[in-house]
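1. pasting the sequence and the predicted coordinates here, then a few questions.
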Number of protein chains: 2
Amino acid sequence: MTGEATRDRLLDAAADLFYREGVGVGVEALSRAAGVSKRSMYQLFGSKDEILAAGLDRVGPAFTAYLLPAAGDESSHRERILHVFRRFEETSAAPGFQGCPMVAVSVEVKAPEHPARLVARRYKDQLTAFFRAEAEQGGAADPERLARQLTMTFDGASAWAVMHGEAPDAVEMATVLLDAAGVEG
Amino acid sequence: MTGEATRDRLLDAAADLFYREGVGVGVEALSRAAGVSKRSMYQLFGSKDEILAAGLDRVGPAFTAYLLPAAGDESSHRERILHVFRRFEETSAAPGFQGCPMVAVSVEVKAPEHPARLVARRYKDQLTAFFRAEAEQGGAADPERLARQLTMTFDGASAWAVMHGEAPDAVEMATVLLDAAGVEG
DNA sequence: ACCAAGGTAAACCGATCGGTTTCGGTACGG
DNA sequence: CCGTACCGAAACCGATCGGTTTACCTTGGT
């Protein structure tokens, strides 16, 4: 097996396992689940922390691509923003939903400068940047502020879903904020 | 030392340590930090999980008392709600803030029926219930919905603070929602 | 003065932690 | 046809995991 494939299998398993069971899972269990020997793991990465960060970085693009509207999307800026919250409501209702993976890692890893936390923040900032750009083009009174509020709505709804086992109405709340900011569509 | 005091010292240390370092801390470290022998720990509680739940339950009342306005408070319902977010902004700016302890435990512990998660949800529901009561008396169009939105604002702001190391403007966002729901004051 | 009750310290249990190393293959390029 | 680069299996390292147990000590009530 080529090194690329080994690396991919490892990181996929890492992302999945760390999300489902928490960052406390041991490298032994990870090795087993990934079908990759510890030897190979430690030749590809220097430590479990690096694997955690790289695993997050691997699912990051899928995370973004799933939430954001498709490339050729033609709907209004308001609708493009609401698309994110519709996607959210889909996933958060599914069994086994453990909250936003970026937030989960940031909460579980206490060291603020841990590489995985930097990765998590990067993807979360991507989401906020998307909101800001759409808010701006949508004519929001204060795009920066609205973007921050929408991101908080996303993560607040995520926390609600974790604690109550059911998705709250995130689209509705985003709508209120869009209305207040004067984003039509 | 009386049994009460031992129990209290243990639970205080547990709440503090589990919050600061995560639920992964070992019972050995907890025993050391609390100044309570493992023997005593396991006579008072049956397992680490029970200690975790009991520790959360011990700080719960302080958590609620800190956020909610004082008993004899005379301000408007709107102001009483905003009081919670002002309190939040105080704490979330402090160094070592790791997010809402109730959410943190719910994220770190993956088993949905873990006793500690039931405790966490109970206190979070207390907060939502407070919002709902104030929203109702404040003349909100849909008190239940507003209460849910305010709780999501609280937890969303908490997540933002964890990821960015600085408190977002939660009071401002709550204000937008109060305005939209027609709560004056 | 004495005896439980309840505390501590510390050894101990098997399992697992993150991480390293050894060994034996096996596939591929010269 | 052979070297070598990569791989997996598994032993191994000291440390720690959650939890139990033994042995000793302090304290308060009678």
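-> Cool, the structure landed.
2. mind checking how far whichever residue of chain A sits closest to chain B is from DNA strand C?
-> For chain A, the residue closest to chain B is A:G156, as judged by Cβ to the nearest Cβ, at 2.8 Å. Where C-beta positions appear, they are placed from N, C-alpha and C, glycine not excepted. When distance is defined by Cβ to the nearest atom of the strand, to the nearest Å, A:G156 is 30 Å away from DNA strand C.
3. contacts only, for that residue.
-> By Cβ atoms under 8 Å, 6 or more residues apart in numbering or on different chains, the residues touching A:G156 are B:151-157, B:159.
4. for the residue of chain A found nearest DNA strand C, give me the pLDDT.
-> Per Cβ to the nearest atom of the strand, A:G26 is where chain A lies closest to DNA strand C, at 2.5 Å. What the model reports as pLDDT for A:G26 is 89.
5. what's the burial count for it?
-> 9 (other Cβ atoms under 10 Å in any protein chain shown).
6. over to A:R39?
-> 9.
7. gap between the two ends of stretch A:17-29?
-> From its first residue to its last, stretch A:17-29 covers 9 Å (Cα to Cα, to the nearest Å).
8. report whether it contacts DNA strand D.
-> No: Stretch A:17-29 stays clear of DNA strand D (Cβ under 7 Å from any atom of the strand), getting no nearer than 7.9 Å.
9. got the contact list for A:A170?
-> Listed by Cβ under 8 Å, 6+ apart, the contact set of A:A170 reads A:85, A:88-89, A:92, A:153-154, A:157, B:152.
10. who's in contact with A:A120?
-> A:56, A:101-103, A:105-106, B:163.
11. excluding its backbone neighbours, what's nearest it?
-> Distances taken as Cβ to Cβ, 6 or more residues apart in numbering or on different chains place A:M102 nearest to A:A120, at 3.9 Å, with adjacent residues excluded.
12. and that neighbour, how far is that from A:A116?
-> 10 Å (Cβ to Cβ, to the nearest Å).
13. before we move on, back to that, relative to A:E50, how far out is the residue of chain A closest to chain B?
-> A:G156 sits 31 Å away from A:E50, going by Cβ to Cβ.
14. correct me if wrong: A:R145 contacts B:E172.
-> Yes: using Cβ atoms under 8 Å, A:R145 is in contact with B:E172, at 7.4 Å.
15. neighbour count: these two, which is higher?
-> Using other Cβ under 10 Å as the criterion, A:R145 and B:E172 rank with A:R145 on top: 19 against 16.
16. just the helices in chain A please.
-> A:3-21, A:27-34, A:38-44, A:48-67, A:77-93, A:101-108, A:115-137, A:143-164, A:170-181 (DSSP state H).
17. dump the ones you listed to a markdown table, plus distance to B:Y66.
-> Below are the helices of chain A laid out as a markdown table (distance: least, Cβ to Cβ, whole Å):
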| stretch | distance to B:Y66 |
| --- | --- |
| helix A:3-21 | 32 |
| helix A:27-34 | 39 |
| helix A:38-44 | 44 |
| helix A:48-67 | 33 |
| helix A:77-93 | 29 |
| helix A:101-108 | 20 |
| helix A:115-137 | 27 |
| helix A:143-164 | 19 |
| helix A:170-181 | 25 |
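18. which among those is found nearest to B:A133?
-> Among these, helix A:143-164 comes nearest to B:A133, with 18.7 Å by Cβ to Cβ.
19. what comes up buried for that closest one?
-> A:143, A:145-164 (16 or more other Cβ atoms under 10 Å in any protein chain shown).
20. DNA strand C contacts on chain A?
-> Close to DNA strand C, as judged by Cβ under 7 Å from any atom of the strand, chain A has residues A:24-29, A:38-39, A:42, A:47-49.
21. when you check chain B, which of the residues you listed turn up near it?
-> Restricting the residues of chain A next to DNA strand C to those adjacent to chain B (criterion: Cβ under 8 Å from any Cβ of the partner chain) gives A:G24.
22. what's the most distant pair in the residues of chain A next to DNA strand C?
-> Spatially, the most separated pair among those is A:G24 and A:R39, at 22.5 Å (Cβ to Cβ).
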